[in-house]
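In: pasting the sequence and the predicted model now:
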Amino acid sequence: MSLVSGPGRGGGSDSALPQELQLFVDKHVRYIQSLDKRKDELEYWLTEHLRLNGLYWGLTALHLLGHPDALPRNEVVDFVLSCLHDSGGFGAAPGHDAHMLYTVSAVQILATLDAFGDLEARVEGGRRKIAQFIADLQNPDTGTFAGDEWAEYDTRFLYGALNALSLLGHMDLVDVDKAVEHVQACANFDGGYGTGPGAESHAGQIFTCIGALSIAGRLDLVDRDKLGGWLSERQLKNGGLNGRPEKKEDVCYSWWVASSLAMIDRLHWIDQGKLTAFILSTQDPELGGLADRPGDMVDVFHTHFGIAGLSLLKFPGLAEIDPI
Amino acid sequence: MASHGVSRVAGSQTRSDLAREKELQQIARYNELVELVNRKVAERQYTVEVLSLTTKLLTENPEYYTIWNHRRRVLQHLFLSQTEPASLSSDKHQETLDFITADLSLTTSLLRQYPKCYWLWNHRYWVLQVGEARLQAVAARKLWQGELQLVTMMLGADSRNFHAWSYRRFVVGELERIPAQPNEVVPSKQSMVEAEFAYTTKMIKANLSNFSAWHNRSKLIPKLLDERESDDVARRRMLDDEFALIHEAFLDPFDQSIWYYHQFLMSTLSSRNSRESAIILDLTDTDRKRYCEQEINFIKDILEDEEDCKWIYEVLIQYSTSFPSLNGNESIITADDLREWLSKLRGLDPLRHGRWADLEYTLGL
């Protein structure tokens, strides 16, 4: 059981009329379900390196939409475990190398489906093994994390590591203080954080750094008003959010920016009604799914982050999401 | 990856039978190639032939990270089959250089099409690091210098590409580390701070909205002053010059980049500012007060022509309240001023009404 991550449109039509401020729940559910049935499109194969992330995005969106059973649980668990390597890391799909990005998605899916028991039943000591794979990617000198053995460093991996380790109950395997020190080294004068020390503030990286500090219990290190001010300025007149000054809006920042604001108790610093309307305007009202901007091609990445944003904004009918 | 900016109409047409047939053939061909590369690598056939198969596959799909890993496995094998770098014969040295050059041109052409693909930037960095360990110092340095040209080209195409800016900082770090002259007993320091500072000036003059360049400048100035061993007079001149530069930029006061850089300059006046981001080292409260008043007065002047610019009210409130030395009997700001600015701000910027309500409460207005 897996889902295609590339752009496209949902299959199967429905005659319901599009209305403003309406979330097309059934269409999004069907769109996500359709993503496993696109093997006759080249895009399905070209995006195989995102399969496990795609499954996490699709599954989480379905849970938020109140349809947790829309994908068959056992087939999802089977697919996830088919991506597990002896090293304890997960690849994007069977035959793909292990990497932090997919290991985090795998752990998140297993946690969502309450499937750590299935894991242990099939791989003895599986949780510990996965946690060790992640822990071994920490750089003992700087505290940050690599994506894999080829040693690319980025605060994305640091957040992913802490997120997965906290779900696995194995934070004890890493030097959390050192990781926190690294996050501090990425802080800029504007209150934001970048991909590494010296890098420009970027909303996606702010999410990873604030998320990591939240998990580590060190939000006391954050200047909330300064960061909250910068994040609130990401909202543009059309209600959408951008990721950096003077850039265009994109639905995925509805998650990165809004969840960061929520973590520092400043979500009320943006216009939530306008953001809700912007996210809804990116839906494909006929075939389901959400896009980066109104009128564009949908994909499961934007579908997930748009719906997660709506959930954070307490859109009626959606399950509530944890901003971290 | 996720789609950005692709119109839905363009993707909604149903495929004709012919197009569908063609796509199925493409899929079959692509999957055959994937299978072939995976099989050969599993058999540890780390050969030049397999290297060129990965080239073909990566050109079709540069996001396929496992294939980049395979490529590195092959390259590692090809490098390691050579003798020690110090005793490299000129043939061997040339061969290593050829491998590296081939990977650099492959990733250059792919970066032009996929400038935001993480795996491409990452592979390039890996190739150069491995190559450096196996090449003579002069050749290695020349390669890193070529990287500076590449990244300048990439930033010419998209001046906000954060991958390119990060890579630029990496490359500069490497060039500063490698001695310019091989066999130096004490390697001379090859600082590039001056050149990089000049580069940000050039980028800013080309486009004032380039916050990436302003950001890099904010990181370079403190280093530049330390390296120049600037005295207090030179440090004050630097701050004055930066204020003058940003004042020119205020011609378009609706641009966020400019206000953020102005906030950076002001943040260096704070008593809580760290040494590593300092401009003036011996700031007194009198200095702080003087700079603050100077900037507040300058911004108030802009207000006369640009009364609809919310940034002006925002920073006026911020600066007036964050420098305690402005308070007291001689204060140029009154509570009425603050009240008026806040009310303007709320009118001009209703999106952030929650923030302004909190500010009003905090200021006790």
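Out: Arrived safely, thanks for sending. Numbering: from 1, shown residues only, chains lettered A, B, ... in the order given.
In: run a quick neighbour tally on A:Trp230.
Out: Counted with other CB atoms under 10 Å in any protein chain shown, the neighbours of A:Trp230 add up to 24. The C-beta positions use only the backbone N, C-alpha and C, and glycine is treated the same way.
In: an error on my part: the question was meant for B:Glu314.
Out: The number of residues packed near B:Glu314 is 24, by other CB under 10 Å.
In: quick one, phi psi at the nearest residue to it once chain neighbours are set aside?
Out: Leaving aside its sequence neighbours, B:Glu314 sits nearest to B:Leu345 (CB to CB, 6 or more residues apart in numbering or on different chains; 6.0 Å). Here is the backbone geometry of B:Leu345 (degrees, to the nearest 10): phi -60, psi -40.
In: check chain A for the residue nearest chain B and tell me.
Out: A:Pro7 (3.1 Å; CB to the nearest CB).
In: pLDDT value on the closest residue to that residue other than its chain neighbours, please?
Out: In space, and not counting its chain neighbours, A:Pro7 is closest to B:Ser3: 3.1 Å by CB to CB, 6+ apart. The per-residue pLDDT reported for B:Ser3 equals 71.
In: how about low-confidence regions in chain A?
Out: Confidence mapping of chain A against pLDDT under 70 gives the ranges A:1, A:9-19.
In: in what helix or strand does B:Gly156 lie?
Out: Using DSSP states H and E, B:Gly156 sits in helix B:137-157.
In: please work out the average pLDDT along that helix.
Out: Throughout helix B:137-157, pLDDT has a mean value of 94.
In: surely A:Gly66 and A:Leu318 touch.
Out: Yes. Under the criterion of CB atoms under 8 Å, A:Gly66 makes contact with A:Leu318 at 7.2 Å.
In: who has more neighbours, these two?
Out: Just comparing A:Gly66 and A:Leu318: by other CB under 10 Å the higher neighbour count belongs to A:Leu318, 20 against 12.
In: for A:Arg224, give me its contacts.
Out: Contact analysis of A:Arg224 by CB atoms under 8 Å, 6 or more residues apart in numbering or on different chains lists A:264-266.
In: low-confidence stretches in chain B?
Out: Within chain B, the ranges that satisfy pLDDT under 70 run B:1-2, B:10-14, B:82-88, B:181-189, B:324-331.
In: the longest helix along chain B and chain A, are they touching?
Out: Criterion DSSP state H: the longest helix present in chain B is helix B:17-42. Yes. Contact between helix B:17-42 and chain A, assessed by CB under 8 Å from any CB of the partner chain, occurs at B:20, B:23-24, B:26-27, B:30-31, B:34, B:38.
In: restricted to buried residues, select these in PyMOL.
Out: Applied in PyMOL, the following selects the buried portion of the residues of helix B:17-42 next to chain A according to 16 or more other CB atoms under 10 Å in any protein chain shown:
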select buried, chain B and resi 27+30+34+38
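In: near chain A, which residues of the stretch 201-350 of chain B are found?
Out: B:209, B:211-212, B:215-216, B:218-219, B:255-257, B:260, B:263-264, B:267, B:277, B:350.
In: so of those residues, which ones are in helices?
Out: Of the positions in those, B:211-212, B:215-216, B:218-219, B:256-257, B:260, B:263-264, B:267 sit in helices, assigned by DSSP H.
In: from those residues, which is closest to A:Met297?
Out: Of all those, A:Met297 sits closest to B:Ser212, with 27.7 Å by CB to CB.
In: is that closest one in contact with B:Ser166, as I believe?
Out: No. B:Ser212 is beyond contact range of B:Ser166, at 10.1 Å (criterion: CB under 8 Å).
In: now the residue most central in space within chain B: how far from chain A?
Out: Ranked by distance to the mean C-alpha position of chain B (CA atoms, centre = their mean), the top residue is B:Trp165 at 2.6 Å. To chain A, B:Trp165 is 6 Å away according to CB to the nearest CB, to the nearest Å.
In: so that residue, which of the three states?
Out: Under DSSP: H, G, I helix; E, B strand; the rest coil, the three-state class of B:Trp165 is helix.
In: which residues of the stretch 51-200 of chain B fall in helices?
Out: B:65-80, B:90-113, B:118-134, B:137-157, B:162-177, B:193-206 (DSSP state H, counting those that start in this stretch).
In: farthest pair within the residues of helix B:17-42 next to chain A?
Out: Farthest pair in these (CB to CB) is B:Arg20 and B:Asn38. Separation: 26.8 Å.
In: okay, now residue 242: neighbour count?
Out: Picking chain A for this. Taking other CB under 10 Å as the criterion, the count of residues near A:Asn242 is 18.
In: to clarify, I was referring to chain B.
Out: With neighbours defined by other CB under 10 Å, the count for B:Glu242 comes to 19.
In: for it, give me its contacts.
Out: B:221, B:265, B:279.
In: surely B:Asp358 meets A:Ser232?
Out: No. Counting by CB under 8 Å, A:Ser232 is not a contact partner of B:Asp358; they are 10.5 Å apart.
In: those two: who's more crowded?
Out: Applying other CB under 10 Å to B:Asp358 and A:Ser232 shows that A:Ser232 carries more neighbours, namely 22 against 16.
In: contacting residues around the nearest residue to the more buried one once chain neighbours are set aside?
Out: In this structure, A:Ser232 finds its nearest non-sequential neighbour in A:Trp269, 4.0 Å apart by CB to CB, 6+ apart. The neighbours of A:Trp269, taking CB under 8 Å, 6+ apart as the test, are A:228-229, A:231-232, A:261, B:352, B:354-355, B:358.
In: for the stretch 1-150 of chain A, which residues are neighbours of chain B?
Out: Residues of the stretch 1-150 of chain A that fall close to chain B, judged by CB under 8 Å from any CB: A:5-9, A:40-42, A:45-50, A:91-92, A:95-97, A:99, A:148, A:150.
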